[in-house]
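Engineer: Following is a predicted model, sequence given first.
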Amino acid sequence: MIRIGFFGTPELSAQVLRDFLHSSDFRVAFVVTGEDKPTGRHQTLTINPVKEVALVNHIPLLQPARIRGNREFLETIASYEADYFVVVAYGQILPKELLSIPKKYPINIHGSILPKYRGASPIQASLIAWDSETGVTIMVMNEKMDEGDTIDVAKIQIAPDETAETLFRRFGEISGSFAIDTIKRLDAGILTPSKQDESEATSCKKITKEAGLLDFTKSAEELYHLYQGLTPWPGVYTFYKGKKLIIEKCTIPPLSPHPSPLLKSTSPLTPLLEGEGNEKDDKNPRLLLGEGAGGRGGRGEYLEAKISWNQKWETPTGTVIQLRDGTVAIICRKWILTLSQVKLEWKRSQSIKEFLHGQRDFISFILK
């Protein structure tokens with residue numbers, strides 16, 4: 001039986017730990033996880049998912065505030081005589097003196113196809129970068145950030161409507177079984193670690209709460225991929241009447257060679273189609289809505305318009321508009337971002353329809 005020491009903190013790590021506990025080929029000798037932290041509005045001290053699993057299964061548990069230079073901790077870890085360490089989203093950098101303790105290898109389960117996206121947020125980075133494929137890499141750890149030798153990779157296709165929440169869940173579903181199989185083959189001499197190609201290396205930073213602020217001077221596609229990568233945490237947001245408005249669910253409407261859905265707005269909305277002037281063309285009607293639209297198409301009137309990815313808007317980016325079917329959208333530099341669920345600061349989550357009942361001036365408001 002292979003003895004492992006497990007290091008991890010969030011739910012992704014907990015799922016992997018469960019898989020190792022269910023395997024008859026492994027014994028989890030100890031678990032190291034992050035400290036209990038205050039959460040929520042009332043800052044209640046809360047244990048993390050890995051600690052929950054360790055306590056339920058009566059596994060020796062350690063929660064060091066720091067590791068580097070912690071001689072007592074290092075001696076305790078060494079006393080368990082683990083063959084391998086298995087590390088997944090632990091939250092601290094492990095020093096060389098700790099990585100040298102296992103009899104065979106310290107193993108890391110990393111959320112990308114290394115050497116791409118070394119760092120703290122590989123799963124989110126793949127979504128933000130519009131990637132169609134990512135993966136799980138099993139690697140040997142060294143004292144540098146994700147630069148150790150790789151052992152094996154399992155590829156994962158990214159769905160068009162994927163978010164960090166769903167992709168983390170999928171990583172959790174396959175990472176444990178893949179790591180178990182990989183370590184067994186490594187232990188049997190079937191697999192051998194190999195060097196990473198440094199010329200292909202990229203990195204990703206730790207995500208901050210501020211990363212989710214939406215800039216509507218960017219394309220709708222860019223903002224949608226940011227939404228995918230930062231949902232559910234920290235979430236993407238804008239400001240409405242001085243309060244943070246979190247966009248919990250959004251999408252990009254599909255493009256069609258046919259005239260677009262009719263739009264409705266109570267503010268001037270004058271899109272300029274490429275290669276066309278400002279005059280109305282009855283054979284290829286443009287959209288002129290709201291007051292101030294050249295005296296044509298007054299408040300609430302509908303006109304059709306063909307809209308492309310290269311659409312140029314005269315109306316400011318960030319303006320909230322409404323389609324004739326009731327769909328609410330925000331004008332971006334290119335195309336529009338449609339909203340289905342939002343959460344105003346200190347309020348409960350609401351469907352966009354419910355939100356409009358209490359915020360009737362939201363349509364035509366310019367978000368910044």
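Structural biologist: That came through fine. Numbers count the residues shown, from 1 in each chain.

Engineer: can you give me the helices for the stretch 101-250 of the chain?
Structural biologist: 122-128, 164-187, 220-230 (DSSP state H, counting those that start in this stretch).

Engineer: by contact count, what packs against the last one?
Structural biologist: Right, the one you point to is helix 220-230. helix 122-128, helix 164-187, strand 236-240, strand 243-251, strand 336-344 (3 or more C-beta pairs under 8 Å, 6 or more residues apart in numbering; DSSP states H and E). (Each C-beta comes from the backbone N, C-alpha and C, glycine too.)

Engineer: That helix vs strand 236-240, what angle?
Structural biologist: 110 degrees (axes from the mean of the first three to the mean of the last three C-alpha atoms, to 10 degrees).

Engineer: What average pLDDT does helix 220-230 get?
Structural biologist: The average pLDDT for helix 220-230 rounds to 98.

Engineer: so residue 203 bridges to which residues?
Structural biologist: residue 118 (DSSP bridges).

Engineer: didn't it look like it was pressed against residue 120?
Structural biologist: No. Judged on C-beta atoms under 8 Å, residue 203 makes no contact with residue 120 at a distance of 9.3 Å.

Engineer: show me what contacts residue 123?
Structural biologist: 111-112, 134, 164, 167-168, 171 (C-beta atoms under 8 Å, 6 or more residues apart in numbering).

Engineer: Count the residues that sit near the nearest residue to it once chain neighbours are set aside.
Structural biologist: Nearest non-adjacent residue to residue 123, counting by C-beta to C-beta, 6 or more residues apart in numbering: residue 111, 4.4 Å away. Using other C-beta atoms under 10 Å, residue 111 is surrounded by 25 other residues.

Engineer: Read off the pLDDT value for residue 111.
Structural biologist: 97.

Engineer: just to revisit the earlier point, out of the helices of the stretch 101-250 of the chain, which is the most enclosed?
Structural biologist: helix 122-128 (a mean of 24; mean count of other C-beta atoms under 10 Å).

Engineer: Figure out how far that helix is from the centre of its chain.
Structural biologist: With C-alpha atoms, centre = their mean, to the nearest Å as the basis, helix 122-128 stands 6 Å off its chain's centre.

Engineer: That one - what's its average pLDDT?
Structural biologist: Averaged across helix 122-128, pLDDT comes to 98.

Engineer: Give me the domain ranges for the chain.
Structural biologist: Taking automatic domain parsing as the reference, the chain has its domains at 2-204, 209-358.

Engineer: Can you say which of these is nearest to residue 364?
Structural biologist: Smallest distance to residue 364 across the domains of the chain (C-beta to C-beta): 3.6 Å, for domain 209-358.

Engineer: Now for the chain, the helix or strand with the poorest mean pLDDT.
Structural biologist: The weakest-scoring helix or strand in the chain, judged by mean pLDDT, DSSP states H and E, is strand 271-272 (a mean of 38).
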